[in-house]
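Engineer: sequence unavailable; structure follows:
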Ligand SMILES: NC(=O)C1=CN([C@@H]2O[C@H](COP(=O)(O)OP(=O)(O)OC[C@H]3O[C@@H](n4cnc5c(N)ncnc54)[C@H](OP(=O)(O)O)[C@@H]3O)[C@@H](O)[C@H]2O)C=CC1
Ligand SMILES: O=C(CO)COP(=O)(O)O
C-alpha cells in the first residue's frame, strides 16, 4: 500500500454491515467497489484493482465465495474480515475459513467490536478493533479507516478477537431470553458476567489472549449486543422467550442471526476439547426444542455450586 490516504476497497457483501461500512468509508474518501451475489458472478477485475478486500458477508457466505475466489486472489492484497461467528461444519472462525481458499501470503485482518450497523448508519459514535498478526498493516489501516464516527484500535490477537465477536452473539440470544421472560436486571447481569467467563474458556482454549476478552471485541460488543433491541440475536432471544419456534423467530427477523449456529459450534468445540459451556449448552437445548426457555434458566440455576473461577 502506498502513501495515498484514499484506498481502493473491494467490498464483498451488501447486507446491513457491508452497506454501512461502504457508506462510512466512501464518506472518508475511499473508493469502494462492492459486490453482492445479486450482481451475478464476481467480476474478474474486482480484486485485481483493489488495495484492500473487505468481507462483510454472513458466515454462510464465506465458503461459497471463498471457492469462487480461489485461484483469483492477488498475492499481496490483504483481506479484512468483518463476519462474526463460528462455522458449524468446520468449527472454524471466519479467517480460518478464508485461509483455506487464499494464498498463504495474503495478510488477514479482523474488524470487530460494538458496532450495531443501525447506530453507525445514523452517524452515532463507536469504537472497534482492527486485529492482525501483521502489526504494521493493522496500524496503517487503523490510520486510514478510522473516521469521525468509527474510532479504531488495534490488537494482535485475531483468534481471540474472532472468538469474542462470535460468542457474544450466543450470549445476546441468552440475554434476550432472560429479558423476554422478565427475569430482571440481576438475572441479565449475572448471565452476562458468567457468559463473559464462558467466552473466555473458548477464547483462551483456542489460543486467544485474556486482554481481548475485556476489550472492544469482548466485553464491549457483549454490552452492546446483549442489551439492545437493535441486535438481531437479542431480538431472536426475545422471540424464543415468547414461545416462537427458532425458524419462525429467524423468519420474523428477516436477516442474518449468527448466534444459533455459533451456539451449536461452541458446543461442538466444547465436546472436542472437554470444556464446560453451560450457557451455550442451554441455548442449544432451547434451539433443539429439548427445553423450554424457563427450563433452561432453571437448569442453569440448579447446576452444582462452584468457585467463580470455574465455568
Ligand atoms: N449488522 C451488524 O450490525 C453487524 C454485522 N456483523 C456481521 O456481519 C456479517 C453480515 O451481517 P449483515 O450484513 O448484518 O447481514 P445481512 O443479513 O444484512 O446480509 C447478509 C450478508 O451475507 C451475505 N451472504 C453471502 N452469501 C450468503 C449466503 N449463502 N447466505 C446468506 N448470506 C450470504 C450477503 O451478501 P449479498 O450482498 O450477496 O446478499 C450479505 O452481505 C454477519 O456475520 C454479522 O454477524 C458484524 C458487525 C455488525
Ligand atoms: O455484531 C453486531 C453488533 O456489534 C450485530 O449484532 P446482531 O447480529 O445481533 O444484530
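Structural biologist: Sure, I can see it. In this text, all values refer to a predicted model and were calculated from it rather than measured experimentally. Ligands and ions are numbered 1, 2, ... in the order given.

Engineer: who in the stretch 51-200 of the chain is up against ligand 1?
Structural biologist: 56-61, 64, 82-85, 115-117 (Cβ under 6 Å from any ligand atom). Any C-beta I mention is one placed from the backbone N, CA and C, and that applies to glycine too.

Engineer: if you set the cut-off to 8 Å instead, what comes out?
Structural biologist: 56-62, 64-65, 82-85, 94, 111-112, 115-118, 120, 165, 169 (Cβ under 8 Å from any ligand atom).

Engineer: list the ones among those residues that fall in helices.
Structural biologist: Among those, the residues falling in helices (DSSP state H) are 59, 60, 61, 62, 64, 65, 94, 117, 118, 120, 165, 169.

Engineer: could you single out the nearest of those to ligand 2?
Structural biologist: Checking those against ligand 2 with Cβ to the nearest ligand atom, the nearest one is residue 169 at 5.8 Å.

Engineer: who's in contact with the closest one?
Structural biologist: 84, 85, 225, 233, 257, 258, 259, 262 (Cβ atoms under 8 Å, 6 or more residues apart in numbering).

Engineer: quick one on the thing from earlier: quick one, which of the residues of the stretch 51-200 of the chain next to ligand 1 are buried?
Structural biologist: Buried by 16 or more other Cβ atoms under 10 Å: 56-59, 61-62, 65, 82-85, 94, 111-112, 115-117, 120, 165, 169, out of those.

Engineer: just checking, residue 95 touches residue 81?
Structural biologist: Yes - checked against Cβ atoms under 8 Å, the pair residue 95 and residue 81 is within contact range at 5.1 Å.

Engineer: the two: which is more packed in?
Structural biologist: More crowded of residue 95 and residue 81, by other Cβ atoms under 10 Å: residue 81, with 29 against 23.

Engineer: please name the spatially closest residue to that one (chain neighbours excluded).
Structural biologist: Closest residue to residue 81 apart from its sequence neighbours, by Cβ to Cβ, 6 or more residues apart in numbering: residue 94 at 4.6 Å.

Engineer: that'll do, ta.
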